[in-house]
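Asks: any chance you could fold what I've pasted below:
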Amino acid sequence: MNLKPGSRWKSSVCTAEVVVVKPPKGEVSLECGGASMVALSEQKPEGLAVDPAHASGVQTGKRYFDEETGIEVLGSKPGAGSLAVNGRPLQLREAKALPASD
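Replies: Alright, predicted model coming up:
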């Protein structure tokens, strides 16, 4: 997988789509719903379904990351599958708190 910043990927098993914000430090497998994601321009494989163990979903506008590999992706389309890299679930990045204005 060539996970460059700005590259777009879609799930093989659900409607989820993501955009790479920060690329990984090395070669990784980006997964959704228990199956590898494919480039947005590619055809989805047929006959695959979301693995129930990987079904926590993707939310639009939320960032997901993995500290070990450094990858960060942005959900661009929601879906039922959950994101993972090399089989390890991606974590949801919390929004930074804005300073209080007086």
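
Asks: quick one, phi/psi of residue 70?
Replies: phi 90, psi 0 (degrees, to the nearest 10).

Asks: gap between the residue nearest the centre of the chain and residue 99?
Replies: Geometric centre of the chain, nearest residue: residue 83, 4.5 Å, by CA atoms, centre = their mean. Distance, residue 83 to residue 99, by CB to CB, to the nearest Å: 30 Å. For the C-beta atoms, the positions are set from N, CA and C on the backbone; glycine is no exception.

Asks: kindly report the same for residue 92.
Replies: Here residue 92 is placed at a distance of 23 Å from residue 99 (CB to CB).

Asks: which of those two has more neighbours?
Replies: Remark: of residue 92 and residue 99, residue 92 carries more neighbours, 14 against 6, as counted by other CB atoms under 10 Å.

Asks: who's in contact with residue 68?
Replies: Shown in contact with residue 68 (CB atoms under 8 Å, 6 or more residues apart in numbering): residue 88.

Asks: helix, strand or coil for it?
Replies: Secondary structure, DSSP: H, G, I helix; E, B strand; the rest coil: residue 68 is coil.

Asks: thanks again, I'm all set now.
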